[in-house]
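>>> A predicted structure for the sequence below; I have some questions about it.
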Amino acid sequence: MSEQSTKTCMNRRTLLLAAAGAAPLLALTTTGAKAAKLAQSGAGYVAASTSDKKCGGCNFFVAPNSCKAVDGDISPNGFCKLWVKKA
């Protein structure tokens with residue numbers, strides 16, 4: 001086999017392997033798969049915060065009692081380590 005045909009085969013092989021590896025990722029993004037949420041204990045969530053940083057003022061909070069980043073029921077008066085001020 002010549003050097004040119006070896007390079008062509010390797011380029012095709014690389015392309016096919018890359019496409020095969022990207023297929024599951026593409027499927028996840030097009031099917032609207034949800035990202036995994038962190039457990040409340042892993043995020044350091046507490047249901048009642050004495051700080052001014054409360055879930056109700058966080059960018060991840062979804063009224064009335066949910067969060068984009070933390071799993072389970074979330075109190076608007078709670079707090080966790082992922083808190084980000086609403087824009």
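That came through, no problem.

>>> looking only at pLDDT, what's the mean for stretch 74-87?
The average of the pLDDT scores along stretch 74-87 is 95.

>>> Can you give me the buried ones in that stretch?
74, 75, 78, 79, 80, 82, 83 (16 or more other C-beta atoms under 10 Å). The C-beta positions use only the backbone N, C-alpha and C, and glycine is treated the same way.

>>> what ranges do the strands span in the chain?
61-62, 66-67 (DSSP state E).

>>> so which of those strands is the most packed in?
Highest mean neighbour count among the strands of the chain (mean count of other C-beta atoms under 10 Å): strand 66-67, with a mean of 18.

>>> Identify the neighbouring strands of it in the sheet and state each direction.
For strand 66-67, the paired strands and their directions (DSSP bridges) read strand 61-62 (antiparallel).

>>> which outside residues touch the partner strand?
55, 67, 68, 74, 76, 86 (C-beta atoms under 8 Å, 6 or more residues apart in numbering).

>>> redo that, cut-off 7 Å
Strand 61-62 has contacts (C-beta atoms under 7 Å, 6 or more residues apart in numbering) with 55, 67, 68, 74, 76.

>>> Give me the pLDDT value at the third one.
Pointing back at residue 68 there. 95.

>>> Surely it and residue 60 touch.
Yes. Taking C-beta atoms under 7 Å as the definition, residue 68 is a contact partner of residue 60 at 4.4 Å.

>>> of these two, who's got more company?
residue 60 (18 against 14; other C-beta atoms under 10 Å).
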